[in-house]
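J.: test case, fold it:
(one chain, ligands or ions: 1)
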Amino acid sequence: MAKVRLENIKRKFNNVTAIENITFEIPDGQFWVLVGPSGCGKSTILRTIAGLETATSGNLYIGDLLVNNVPARQRDVAMVFQNYALYPHMSVAQNIAFGLQMRKVDSKVIQQRVETVARSLALEHLLERKPKQLSGGQQQRVALGRAIAREAQVFLLDEPLSNLDAQLRDDTRAELKQLHHNLGITTIYVTHDQVEAMTLADRIVILNQGRIQQIGEPQSVYAKPANRMVATFLGNPPMNILPAKYKNGNFLVESQVISCPMRIRDVLRLSEGQVVDLGIRPEDLFINESQNEEIAALTVEVKLVEPLGRETLIRAGLPSSSVQVNIQQAGVMRLHLGDRISLGLDLEQLFIFNST
Ligand code: ADP
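T.: Below you'll find the predicted structure:
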């Protein structure tokens, strides 16, 4: 186990800066997830830590050791790729043993370790099979087994679940979390999937266009996003964004009036006539059945009702924008397409962003 520290890491490919100003320290034994849209630089960071890319500038430490110039195979990290990268002509046992054989570990020790690892990943009965005789989930476990067998200080996982179908992905995600709990090995995990990020991480690092947007515990980043990108990236369905104009202490949303909460008025000092974007999460909207005029609400037209069992997703329209609502309220099923309803907003959960 080891801590991992990145100091001002930058990587350019010709004239394109893939990542810049990347600075963070992962304490020993924690599980961190790098998350962001495709092309934001997640894999480049991971590959730089692995030693498969060289940083253009900046310093990288594993434990207390500066590893900028240490080749990949001497870094004591184990990487698991999206496509598992198993050797097709080798059995499961040989795949797991390979890294140890390369290090000339004693064959008795190798055999013992393969057995232990296989047991911990429920692979004992598959040891003689070749990768192509395994399901995607089993191949993924072998790839993990290979990493575990090496007893690396750091695990690097690049979208390891993306080739699995939905059910298996959920199961394997839970297994990964359990495995980390048991082994306690520092783990850096790359994904574009915010559910994986939220459920697995001790800390998430949200990236966009090669730069860190925010680092924090998943729940606190969700509750207090640092900017609009983070706010709209985390959450499914995503946060609603409604253009609004500030006027006389209120927001005008397509000619409907929402009062501006004091906490926002005091802090943001909006100027009269200023155009902003209001952000509100689908779960912070509710049907204002009593039509209570004290409640901040918008009148909208129901466009789509999607019952999902415990909750119902509603798409509703204002004349020129639309909102998604996630509701766990009784009475929702009585809604019909085309109904005009009063949609309440929890003003405590209202976000304000600069208009783009
Ligand atoms: P992500 O993993 O978030 O999808 P990447 O780290 O793969 O993003 O890529 C970040 C940026 O760097 C992208 O613009 C990508 O096109 C560019 N990039 C990555 N690898 C190379 C490379 N070997 N040569 C040129 N550009 C690259």
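
J.: and stretch 29-40, what's its mean pLDDT?
T.: The pLDDT scores in stretch 29-40 average 97.

J.: ok, residues contacting it?
T.: Defining contact as C-beta atoms under 8 Å, 6 or more residues apart in numbering, one finds that stretch 29-40 is touched by 1, 24, 26, 42, 45-46, 177, 180, 184-194, 196-197, 200-210, 213, 233. Heads up, the C-betas are built off the backbone N, CA and C, glycines and all.

J.: which among those residues are in contact with the ligand?
T.: residue 42 (C-beta under 6 Å from any ligand atom).

J.: out of the contacts of stretch 29-40, which are inside helices?
T.: Counting by DSSP state H, the contacts of stretch 29-40 place 42, 45-46, 177, 180, 194, 196-197, 200, 233 in helices.

J.: who wins for neighbours among these?
T.: residue 45 (28 neighbours; other C-beta atoms under 10 Å).

J.: of the ones in helices among the contacts of stretch 29-40, closest to the ligand?
T.: Among these, residue 42 lies closest to the ligand (C-beta to the nearest ligand atom), at 3.6 Å.

J.: contact partners for that closest one?
T.: Residues counted as contacts of residue 42 (C-beta under 8 Å, 6+ apart) are 34-36, 190-192, 207.

J.: apply 7 Å and report the result again.
T.: 34, 36, 190, 207 (C-beta atoms under 7 Å, 6 or more residues apart in numbering).

J.: ditto for residue 204
T.: Counted by C-beta under 7 Å, 6+ apart, residue 204 has contacts 33, 35, 197, 216, 218, 221.

J.: show me what the first one bridges to in the sheet.
T.: Residues in a beta bridge with residue 33, per DSSP bridges, are residue 189, residue 204.

J.: what's the closest non-adjacent residue to residue 168?
T.: Closest residue in space to residue 168, ignoring its immediate chain neighbours: residue 137 at 4.5 Å, by C-beta to C-beta, 6 or more residues apart in numbering.

J.: ramachandran coordinates for that neighbour?
T.: Backbone torsions of residue 137, given as degrees, to the nearest 10, read phi -70, psi -40.

J.: near it, how many residues? Count them for me, please.
T.: 17.

J.: hang on, it packs against residue 169?
T.: No. The pair residue 137 / residue 169 is not scored as a contact, 8.7 Å apart, by C-beta atoms under 7 Å.

J.: below-threshold pLDDT in this structure: ranges please.
T.: 329-333 (pLDDT under 70).

J.: which residues of it lie near the ligand?
T.: Within reach of the ligand by C-beta under 6 Å from any ligand atom, the chain has these residues: 13, 16, 18, 36, 38-44.

J.: adding distance to residue 344, write those out as TSV.
T.: Below are these laid out as TSV (distance: C-beta to C-beta, whole Å):
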residue	distance to residue 344
13	49
16	46
18	44
36	33
38	36
39	38
40	35
41	40
42	38
43	42
44	44
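
J.: mind giving me the PyMOL select for those residues, buried ones only?
T.: The PyMOL selection below is limited to those of the residues of the chain next to the ligand classed as buried (16 or more other C-beta atoms under 10 Å):
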select buried, resi 18+36+40+41+42+43+44
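
J.: which of the residues of the chain next to the ligand sit farthest apart?
T.: 13 and 36 (17.7 Å; C-beta to C-beta).

J.: the residue nearest to residue 168: what's it in contact with?
T.: Contacts of residue 137 by C-beta under 7 Å, 6+ apart are 164, 168, 172.

J.: for the last one, what are its contacts?
T.: Which is residue 172. 137, 140, 161, 164.
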